[in-house]
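**Student:** Give me the fold of what follows.
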Amino acid sequence: MNKKFITYNFQEIQEEVELVLRQMKVGASQEDFYRSVQHIYHHLNIAWNARNEGQDTVFDLDDPRMDSWKEFPADLKLI
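**Tutor:** Numbering: from 1, shown residues only. Down below sits the predicted model:
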């Protein structure tokens, strides 16, 4: 498991959650909320789907697997 990569993505998620919470307190628009949720899912999906990839590939935004890593996980059972 690539802990550095997962940590990076969860830090991004944390920052976005904090942002959306601040925005909600002052009346965020639906567009702001939509963008925040997109950003959160982007990092959450990549953290899960690429969790076992090496350091040299996961930070390469040109990696051809990036599109599949951004997809909602097919191997994650929701509760």
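
**Student:** need the contact list for Asp63.
**Tutor:** Listed by Cβ atoms under 8 Å, 6 or more residues apart in numbering, the contact partners of Asp63 are Thr57. Every C-beta, even on glycine, is put in place using the N, C-alpha and C of the backbone.

**Student:** helices or strands next to the lowest-mean-pLDDT helix or strand in the chain in the packing?
**Tutor:** Least confident element among the helices and strands of the chain, by mean pLDDT, DSSP states H and E: helix 55-58 (a mean of 78). Contacts defined by 3 or more Cβ pairs under 8 Å, 6 or more residues apart in numbering; DSSP states H and E place helix 55-58 against helix 3-25.

**Student:** Identify each buried residue in the helix it packs on, please.
**Tutor:** Neighbour-count burial for helix 3-25, counted by 16 or more other Cβ atoms under 10 Å, picks out Phe5, Ile6, Tyr8, Asn9, Glu12, Ile13, Glu16, Leu19, Val20.

**Student:** could you dump those residues to TSV with pLDDT and distance to Val26?
**Tutor:** Putting these into TSV (pLDDT from 0 to 100; distance: Cβ to Cβ, whole Å) gives the following:
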residue	pLDDT	distance to Val26
Phe5	91	33
Ile6	95	31
Tyr8	94	28
Asn9	95	27
Glu12	97	22
Ile13	98	21
Glu16	97	16
Leu19	95	11
Val20	94	11
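
**Student:** closest to Glu71 among these?
**Tutor:** Lowest distance from Glu71 to the buried residues of helix 3-25 (Cβ to Cβ) belongs to Asn9, with 14.8 Å.
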